[in-house]
Every structure is written in C-alpha cells, then in structure tokens.
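K.L.:
please find the sequence and the predicted model below.
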Amino acid sequence: MNTRTLCAITTLIEITKKRGKTSMKLDPKQLYEYFESIGIKYLYHANTVPTACTFIRAGGILSRGAVEEQGLYQTPQSSDEVDQEFNVWNDIFLDCNDLHKRFGRENRYGPVLFKYSIELLLDHNLPEVWITKDNPIRWNSEQKVEERYFINIDELKDSYSDKSYIEMITLRFTKSPLSFKYLKEIILDNPKVRIGELILYKDAAKILKESLDSSDFDYTGLKRTTRNCIACYCHSNYLRQYTPAKLKIIFRGNDGYPEDGSNRA
C-alpha cells in the first residue's frame with residue numbers, strides 16, 4: 001500500500017469516527033469505471049435451485065434477511081449464523097468471477113449462476129456498495145471495520161483485480177430485489193449426477209423452467225444456459241463430498257420446490 005493511499009485511509013477513518021459512524025461505501029460510478037478498465041464485464045451470484053426459484057419469482061436477487069422477512073423459501077447455509085453476527089444478513093453478495101469456471105469445480109453456494117452486467121452499478125436505485133477484503137466466514141469479532149472492507153477506490157486498486165475471488169462485492173442493508181433488468185444469463189450446472197433413478201440436473205432444469213414460465217415477470221429473451229460439467233471436478237466432488245440428502249436440497253429442495261414459493265414448516 002502506497003503512502004498516498006495510507007494517508008487517505010487514515011484521514012477518512014478519523015472523519016467518520018468524528019461523525020460517530022464508519023462507512024465503507026464506494027462510489028459505484030468509480031467502481032464501474034475501474035472494473036471496466038481491468039476487463040470485468042459481469043458480476044455473478046450463485047445459489048441453490050430452490051433459492052434461485054425464489055429470486056425468479058421476486059424479479060431479482062434478494063438478501064437472505066429479505067427472504068426470511070417475507071416468509072419465502074431459501075436453502076439454509078452454513079454461513080447464516082455468521083452473516084447475522086457480522087451484520088451482513090441483509091446484504092446481497094456478488095463476485096467478479098464465475099468461480100466454477102475459475103477453479104474447475106462446483107460453486108459451493110449452488111449450481112445456479114446469475115450473470116449480471118456491470119451496468120447495474122450505474123443504476124440510481126442501487127444500495128450502498130461495500131467490498132469485503134475477505135469472506136465474512138473468516139472474519140473475527142476483534143477486527144475493525146476497515147480491516148473487513150476496502151475504505152475507498154484507491155485502496156481497492158492496490159489489491160483488487162479481475163482474478164480476485166476472496167473479496168466480495170456487497171450491496172448493503174437492502175430488502176429490495178436486485179433487478180433482473182441487468183441480468184444477462186442464467187447458467188445451470190449439469191454435473192451428471194443421479195441418486196437412484198433421480199437425475200439431479202433434469203429435475204433442477206424442470207423446476208427452474210416452471211418458475212421462469214409461471215413468474216409474473218417476463219423472462220422472454222433471457223439467455224438460459226446448461227453448463228455440462230466435463231472438464232471439471234463437479235461430478236466427483238458432488239459424489240464424494242455431498243450426501244444424497246444434501247444433493248437433493250441443493251438441486252430440488254427437501255421435497256421439491258414449494259409451488260407457492262412459501263417456506264415449509
């Protein structure tokens with residue numbers, strides 16, 4: 001980190017402390033320009049099939065807090081307790097990379113990938129944009145806010161690139177959907193895994209199609225892509241690292257996705 005950036009960080013921290021509030025809000029227009037300059041054209045969000053269906057019916061990605069508050073369905077995640085502890089429960093998380101493609105393995109958050117244009121950063125209704133320095137699952141209670149988030153664009157430029165993946169783009173404190181107006185593609189992984197006679201991809205594709213076709217929102221013209229998992233470790237990882245019960249939850253929900261989109265007891 002250069003001296004100019006360090007001085008800017010110190011000054012901003014002191015100003016925000018005097019105001020009684022520390023904000024790591026980044027200017028989305030500056031962020032857009034920086035991303036464009038380093039070749040980042042898209043932002044990504046991966047999730048399970050059941051949670052993806054909730055987003056489709058809502059017309060956009062929702063924070064986990066918003067899904068819970070509205071009584072909708074979402075697959076439990078191991079990070080839920082941490083998200084609430086560190087006050088990111090109402091945030092929407094995005095990556096600048098397709099992590100499946102980057103690492104040649106399944107995305108740990110689910111087989112459905114929403115691919116957004118970075119044009120969303122220019123939307124005037126966008127929530128505050130903060131970018132983490134690491135995944136919140138690796139945060140600890142002793143950290144200061146400036147240790148968890150980039151404080152400004154200059155600091156971000158020192159370490160963030162088109163290869164970044166542990167850093168997470170977050171839309172803060174939002175209960176509204178991240179509009180699919182900027183959605184370019186929905187990608188569904190086909191790891192060619194079956195449980196008995198149940199072919200996971202076939203079931204997942206059917207459930208997603210039904211949600212898209214029955215939604216109140218018009219998804220005509222939206223690119224829908226199947227990613228056949230051949231040159232990656234998805235097939236073997238799913239078989240070795242996931243139980244049949246877990247696979248069913250990821251690809252279809254406990255008993256399939258509730259038709260009314262509501263949470264089941």
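P.N.:
Yes, it's here.
K.L.:
and Ile92, what are its bridge partners?
P.N.:
Beta-bridge pairing of Ile92 under DSSP bridges involves Leu171.
K.L.:
neighbours around it, how many?
P.N.:
22 (other CB atoms under 10 Å). Bear in mind the C-beta positions are built from the backbone N, C-alpha and C, glycine included.
K.L.:
hang on, it packs against Ile61?
P.N.:
Yes. Between Ile92 and Ile61 there is a contact at 5.5 Å, judged by CB atoms under 8 Å.
K.L.:
what residues are shared contacts of these two?
P.N.:
Here Ile92 and Ile61 have His45, Leu178 as joint contacts, going by CB atoms under 8 Å, 6 or more residues apart in numbering.
K.L.:
show me where the stretch 101-250 of the chain has strands.
P.N.:
Residue ranges of the strands in the stretch 101-250 of the chain, as given by DSSP state E, counting those that start in this stretch, are 112-117, 129-131, 169-171, 178-179, 183-190, 194-195, 198-199, 223-228.
K.L.:
dump these to CSV, plus mean pLDDT.
P.N.:
Output for the strands of the stretch 101-250 of the chain, formatted as CSV (pLDDT from 0 to 100):
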stretch, mean pLDDT
strand 112-117, 98
strand 129-131, 98
strand 169-171, 98
strand 178-179, 96
strand 183-190, 98
strand 194-195, 93
strand 198-199, 93
strand 223-228, 97
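K.L.:
and these: which comes nearest Asp154?
P.N.:
strand 129-131 (12.8 Å; CB to CB).
K.L.:
ok, residues contacting that closest one?
P.N.:
Residues contacting strand 129-131 (CB under 8 Å, 6+ apart): 24-26, 28, 31, 91, 121, 149-150, 156, 160, 167-172.
K.L.:
in three-state terms, label Leu94 for me.
P.N.:
strand (DSSP: H, G, I helix; E, B strand; the rest coil).
K.L.:
right, and it touches His45 too?
P.N.:
Yes. Counting by CB under 8 Å, His45 is a contact partner of Leu94 at 5.5 Å.
K.L.:
give me the common contacts of those two.
P.N.:
In contact with both Leu94 and His45: Tyr116, using CB under 8 Å, 6+ apart.
K.L.:
that older thread, mind putting the strands of the stretch 101-250 of the chain in a markdown table, distance to Ala52 and mean neighbour count included?
P.N.:
Formatted as a markdown table, the strands of the stretch 101-250 of the chain follow (distance: least, CB to CB, whole Å; neighbours: other CB atoms under 10 Å):
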| stretch | distance to Ala52 | mean neighbour count |
| --- | --- | --- |
| strand 112-117 | 4 | 21 |
| strand 129-131 | 23 | 21 |
| strand 169-171 | 18 | 22 |
| strand 178-179 | 13 | 22 |
| strand 183-190 | 8 | 20 |
| strand 194-195 | 20 | 14 |
| strand 198-199 | 18 | 14 |
| strand 223-228 | 12 | 12 |
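K.L.:
could I get the ones you listed in a markdown table, plus columns for distance to Glu68?
P.N.:
Formatted as a markdown table, the strands of the stretch 101-250 of the chain follow (distance: least, CB to CB, whole Å):
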| stretch | distance to Glu68 |
| --- | --- |
| strand 112-117 | 19 |
| strand 129-131 | 21 |
| strand 169-171 | 17 |
| strand 178-179 | 17 |
| strand 183-190 | 23 |
| strand 194-195 | 29 |
| strand 198-199 | 29 |
| strand 223-228 | 28 |
